[in-house]
Structure formats: C-alpha cells, structure tokens
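Participant: Any chance you can model this:
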Amino acid sequence: MRNETIEFIMAGRRQRHRRGLIVTSLLAVLACVLCCAMLLLGNTIYPASEVIRALSGEELKGVSFAVNIIRLPRMLAGLFAGFAFGIAGYTFQTMLRNPLANPNVIGITSGSSAAAVYCIVILQASGAVVSVASVIAGLATVLLIYVLSRGRTFSIGRLILIGIGLQAMLDAVISYLLLIGSEKDIPSAVRWLTGSLNGSQLRELPPLVIIVLICSPVIILLGKHLSILELGEQSATSLGVRTDRTRIALIVSSVFMVAIATATTGPIAFVSFLSGPIAKRLVGTGASSIIPAGLVGVNLVLASDLIGQFAFEYRFPVGIITGLLGAPYLIFLLIRMNRKGEL
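Facilitator: Numbering: from 1, shown residues only. Okay, here's the model as predicted:
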C-alpha cells in the first residue's frame, strides 16, 4: 500500500513536470515564430533568405536598413522587455500571494515613469540618463513601500494599499510634469508613457539585455524559495527559508528588470499583470511557472505589437493593445475577489 502511494505521488509529479516542459517548449516556439514575424513583416515583406543575409552583415539595398536598423531593435526590445515584465510580475504576485501585487498596480512602474518623465520633460535628457534615473526611482519606490508596509510585522494587504496610494500620488506628479513641460517635449513623453517599441535602437538595448541575463537566473535559482514564500511567512520560516533575505533578493532583481525595461520601452500596460496568471493556468499547479511567465510576457508584447501595427487602419503603440487586453481581466479579477471576500 505504501509503495503504491509513493508510486502514485511520483507519477503525478512526473506528469506535472512533463506538462511544464511541453508548455514551456510551446511558448518558446511561439516566441520564435513571433520574432521571425517581427523581422519579416513591415511596409515591405521581405523573403526569409534576404532577411538572413541582411542579419549576417551582407549589404542589401533597402533590406539591410529595414531589418538591422528598424525591425531587429524593435524585436529585441519586445523580447527582453516582455521577458522582464513577465518574470517580475509573476515574482511579485507569487511572493505576496495576491494577483493584484504586480509592479503596475503597486506603484513601482509609476516611480520609474515619474523619474523618466522628469528627465525627458524637465532635464530634456534621454538614453542612459533616463535609464539610470528610472532604475534608481524604481528601487527607491519599492524601498519606500516596503518600509511603510512593515510596521511591527510584514503585511501583504498593507503593502498593496500603500503601493496603490503611492501610485496615485506618482501619477499625479507625472500629470503635473506634463502640464509644466515644454510643448516640444510633451509628445515624446506621452509616447513613452503609452509603452511603445517605436524608435528602439540597438545602442539602447545592452543595459536591458545585461540586467535580464543577470537577474533572471537569480529569480530562477530562488524559485523553490519563492514557492515556499507563497505558503505564508510562518510556514516559510519554519521550513528554513530566510524570508527577509530571500524577499529582498527577489524584490531587487525584479525591480531592476522592471525599471530598466520601463526605461527602454515605457510602461507597457498589464504585461506583468497578465503573464503570471496565464502561465499558471497553462502549466498547472505543482510546477514552477517562472520561465513560462517570462515567455508569456514575450508573446504578449510581440503579438500585441504586431496587432497594433497591422490589424487596424492606423498604427497603435503596443501599450494600447496590451491595455485593451488587460483592463477586462482586471475588472473580472476585482469582481471575483470581491465575491470571495478578498477585497
């Protein structure tokens, strides 16, 4: 009887692991297909052979400029920013055990955005200055939220409420900056706030790529601890997890990715909010959804950008499309949580 029980448990574990691998592989394949579509499609559709030749360094009239200067940076920005938003959103939602606890809702993205808008509108800066200011502001925002929410004991509900309040204040700061800014700087700031892959340049991407390549493995390595934190503070402590140290490592890694992604593409709405729940639903319970959440983020950003470019008479930034997808889900989630008495 005991052996049968153990075998039953192991069979279930193997099945969950197999499902996780299949889902992750399919998401990766879809991401590759969307990356190829980003390189092939545009005002002119080029054959795959010419795109490959252009990427290999061969000079082809028209093709080289379109692929290497416009489409490749756009695709890479969407790829790494989507992965960063997806993993960071899943980390916050899992660690704080609340689907509303993502960087968009609790004010972290607004902190980065306020700093970036200040640099663009007031300092008239761009590039590295905006990126550095965005990262510093994102870290300062999450530190402030964390300190204010601790009290005598750490409270998830208190953290979310303080984050939402701080987000409202920072959004007001952004509106004020747009009101007092120069007319020539306002369009670029508004376009950046919408979240867009337009105008992405290869020279602006190394910080995003480096941060994602450094911070993603940290979060993946802490994946087991992240799952234990989902059980609650007391349970995690009793199981030997150093909760404060683990939480700080996860928060810092996630905030760095969110801040640098926001500085690169602007705050693409709802990607960090949607990626985790979608990944969990696809992978199922009992398996880590960290990498699938990142891949869902990639697919959301790239697919939404393609929809924004080609599905309508006018071209829309990626942030508008993801906003249209995410807003109904947010309303549905709030209604469901209210019925369960979680609000």
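
Participant: Which helix or strand contains the most centrally placed residue in the chain?
Facilitator: Nearest to the geometric centre of the chain sits residue 85, at 0.7 Å (C-alpha atoms, centre = their mean). Per DSSP states H and E: residue 85 is located in helix 72-95.

Participant: go on, residue 24?
Facilitator: If you go by DSSP H and E, residue 24 is part of helix 2-40.

Participant: Can you name the element that comes right after the lowest-mean-pLDDT helix or strand in the chain?
Facilitator: Across the helices and strands of the chain, mean confidence by mean pLDDT, DSSP states H and E is lowest for helix 233-238: a mean of 66. Later in the chain than helix 233-238, the nearest helix or strand by DSSP H and E is helix 243-265.

Participant: quick revisit: check which element follows the helix holding residue 24 along the chain.
Facilitator: For helix 2-40, the succeeding helix or strand toward the C-terminus, using DSSP H and E, is helix 48-55.

Participant: What lies in contact with whichever helix or strand comes after that following helix?
Facilitator: Using DSSP H and E, the next helix or strand after helix 48-55 towards the C-terminus is helix 63-64. Helix 63-64 has contacts (C-beta atoms under 8 Å, 6 or more residues apart in numbering) with 46, 50-51, 53-54, 58. Bear in mind the C-beta positions are built from the backbone N, C-alpha and C, glycine included.

Participant: for stretch 25-40, same thing?
Facilitator: Against stretch 25-40 from outside (C-beta under 8 Å, 6+ apart): 46, 48, 51, 55, 67, 71-72, 74-75, 78-79, 282, 292, 295-296, 298-299, 302-303, 305-306.

Participant: Kindly supply the PyMOL command isolating those of these that are buried.
Facilitator: Entered in PyMOL, the line below selects the buried ones among those, by 16 or more other C-beta atoms under 10 Å:
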select buried, resi 46+51+67+71+72+74+75+78+79+282+292+295+296+298+299+302+303+305+306
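
Participant: in the chain, what spans have low per-residue confidence?
Facilitator: Residue ranges of the chain with pLDDT under 70: 1-13, 126-127, 151-156, 230-241, 243, 286, 337-338, 340-343.

Participant: if I look at the spatially closest residue to residue 46 that is not a sequence neighbour, how far off is residue 297?
Facilitator: Spatially, and ignoring its direct neighbours in sequence, residue 46 is nearest to residue 63 (5.5 Å; C-beta to C-beta, 6 or more residues apart in numbering). Distance of residue 63 to residue 297, given as C-beta to C-beta, to the nearest Å: 30 Å.

Participant: who's more crowded, the two?
Facilitator: Using other C-beta atoms under 10 Å, the more surrounded residue of residue 63 and residue 297 is residue 297, with 35 against 18.

Participant: give me every residue that touches the more buried one.
Facilitator: By C-beta under 8 Å, 6+ apart, the residues touching residue 297 are 82-87, 89, 271-272, 275.

Participant: rerun at 6 Å
Facilitator: Going by C-beta atoms under 6 Å, 6 or more residues apart in numbering, residue 297 touches 82-83, 85-86, 271, 275.

Participant: Which of those sits closest to residue 145?
Facilitator: Nearest to residue 145 among these: residue 85, at 18.4 Å, using C-beta to C-beta.

Participant: which residues touch the closest one?
Facilitator: If you count contacts by C-beta under 6 Å, 6+ apart, residue 85 has them with 261, 271-272, 297.

Participant: wait, isn't residue 294 in contact with residue 84?
Facilitator: No - Residue 294 is beyond contact range of residue 84, at 7.8 Å (criterion: C-beta atoms under 6 Å).

Participant: what's the neighbour count on residue 189?
Facilitator: Every residue meeting other C-beta under 10 Å relative to residue 189 is counted, giving 22.

Participant: Then residue 147?
Facilitator: 10.

Participant: What strand or helix carries it?
Facilitator: helix 128-150.

Participant: Which strands and helices lie in contact with that helix?
Facilitator: For helix 128-150, the elements it packs on are helix 108-121, helix 156-180, helix 243-265, judged by 3 or more C-beta pairs under 6 Å, 6 or more residues apart in numbering; DSSP states H and E.

Participant: List the buried residues in it.
Facilitator: 130-135, 137-139, 141-142, 145-146, 149.

Participant: a markdown table please, covering these and showing distance to residue 255.
Facilitator: As requested, the buried residues of helix 128-150 are exported to a markdown table (distance: C-beta to C-beta, whole Å):
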| residue | distance to residue 255 |
| --- | --- |
| 130 | 17 |
| 131 | 14 |
| 132 | 14 |
| 133 | 14 |
| 134 | 11 |
| 135 | 8 |
| 137 | 10 |
| 138 | 5 |
| 139 | 6 |
| 141 | 8 |
| 142 | 5 |
| 145 | 10 |
| 146 | 10 |
| 149 | 15 |
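
Participant: got the CA positions of stretch 170-182 in PDB?
Facilitator: What follows is stretch 170-182 as a C-alpha-only set of coordinates in PDB (Å, rounded to 0.1, in the frame of the first residue of the first chain):
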ATOM      1  CA  LEU A 170       3.200  59.500  -8.600                       C
ATOM      2  CA  ASP A 171       0.600  59.500 -11.400                       C
ATOM      3  CA  ALA A 172      -0.400  63.000 -10.200                       C
ATOM      4  CA  VAL A 173       3.300  64.000 -10.300                       C
ATOM      5  CA  ILE A 174       3.500  62.700 -13.900                       C
ATOM      6  CA  SER A 175       0.400  64.700 -14.900                       C
ATOM      7  CA  TYR A 176       1.900  67.900 -13.300                       C
ATOM      8  CA  LEU A 177       5.200  67.400 -15.100                       C
ATOM      9  CA  LEU A 178       3.300  67.100 -18.400                       C
ATOM     10  CA  LEU A 179       1.400  70.300 -17.700                       C
ATOM     11  CA  ILE A 180       4.500  72.400 -17.000                       C
ATOM     12  CA  GLY A 181       6.700  70.800 -19.600                       C
ATOM     13  CA  SER A 182       7.700  72.300 -22.900                       C
END
